[in-house]
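Novice: mind looking at a prediction? Sequence and model below.
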Amino acid sequence: MDKLTEKLLAWADELQDFHMPSWEELPDLELYMDQVLTLVDKYLSPVIQTEKHPILTAAMVNNYVKLHIIPAPTKKKYNRTHLAFLLAITSLKQVLTIPEIRTGILFQGKQVGIRKAYDLFCREQEEAIHFIKQQINGPIHLETEATRLELIAVKAATRSFAEKLLAEKMIALEQQYLEEMEKND
């Protein structure tokens, strides 16, 4: 096994400890903006590269409030609901647009409620992150280790595209459904 493979496997091992806090694990107290930003960073920094851009900023949070994606804070304080929304939005914006996220959140919230939707999101996110190790250890037998690693990268990128395509289609259908429900009300 070469050094690149060793590093990749070590990283995958670290990801096995990744955990998204469930609804009940989120703090049940009011938080100020800086505390919210710190918590989101703490929870998501293992899986979001902060070298590229900050995970979450106060300006982003304020924009989400203005766009009615999250509720407005009460007296500049944020609660468990805000934190759940921000964790989901921050994760999802890595692959979806803000309007798509808004539609998905509205749809899920109406279908099963915010708490259940958030807990489902956390379980699915953890499962997807933990799947990375299986992809690396998968039964790909090629002539060289470099070729095998390149194939893993290509497979991950193409699966990512296909999964994004599926998510976008589902969200578009959810938007149509929500619009039809509004017309019927």
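Specialist: All right, it came through fine.
Novice: what separation is there between the residue nearest the centre of the chain and residue 97?
Specialist: When C-alpha atoms, centre = their mean is applied to the chain, the residue found nearest the centroid is residue 91 (2.6 Å). When distance is defined by C-beta to C-beta, to the nearest Å, residue 91 is 14 Å away from residue 97. Every residue, glycine included, has its C-beta placed from N, CA and C.
Novice: coming back round to it: can you tell me the element the residue nearest to the centre of the chain falls in?
Specialist: helix 80-92 (DSSP states H and E).
Novice: which strands or helices does that helix pack on?
Specialist: helix 33-44, helix 58-66, helix 98-112, helix 114-137 (3 or more C-beta pairs under 8 Å, 6 or more residues apart in numbering; DSSP states H and E).
Novice: follow-up on the earlier one: quick check, the residue nearest to the centre of the chain in contact with residue 44.
Specialist: Yes. Using C-beta atoms under 8 Å, residue 91 makes contact with residue 44 at a distance of 6.5 Å.
Novice: which neighbours do the two have in common?
Specialist: Among the neighbours of residue 91, none is also in contact with residue 44 (C-beta atoms under 8 Å, 6 or more residues apart in numbering).
Novice: quick one, the lengthiest helix in the chain and helix 98-112 angle?
Specialist: With secondary structure taken from DSSP state H, the chain has its longest helix at helix 145-184. Taking axes from the mean of the first three to the mean of the last three C-alpha atoms, to 10 degrees, one finds helix 145-184 and helix 98-112 inclined to each other by 60 degrees.
Novice: switch to numbering from 629
Specialist: Yep, numbering from 629; the last one is helix 773-812 now.
Novice: buried ones in helix 773-812?
Specialist: For helix 773-812, burial by neighbour count (16 or more other C-beta atoms under 10 Å) applies to 776, 777, 780, 795, 799, 802, 803.
Novice: also stretch 735-743?
Specialist: 735, 736, 742.
Novice: possible to save those as CSV with pLDDT and distance to residue 761?
Specialist: Below are the buried residues of stretch 735-743 laid out as CSV (pLDDT from 0 to 100; distance: C-beta to C-beta, whole Å):
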residue, pLDDT, distance to residue 761
735, 88, 31
736, 89, 28
742, 92, 31
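Novice: worst-scoring helix or strand of this structure, pLDDT-wise?
Specialist: Ranked by mean pLDDT, DSSP states H and E, the helix or strand of the chain with the weakest confidence is helix 773-812, at a mean of 83.
Novice: name the SS class of the closest residue to residue 750 other than its chain neighbours, please.
Specialist: Using C-beta to C-beta, 6 or more residues apart in numbering and skipping residues adjacent in sequence, the residue nearest residue 750 is residue 648, 3.8 Å away. The three-state assignment at residue 648 reads coil, by DSSP: H, G, I helix; E, B strand; the rest coil.
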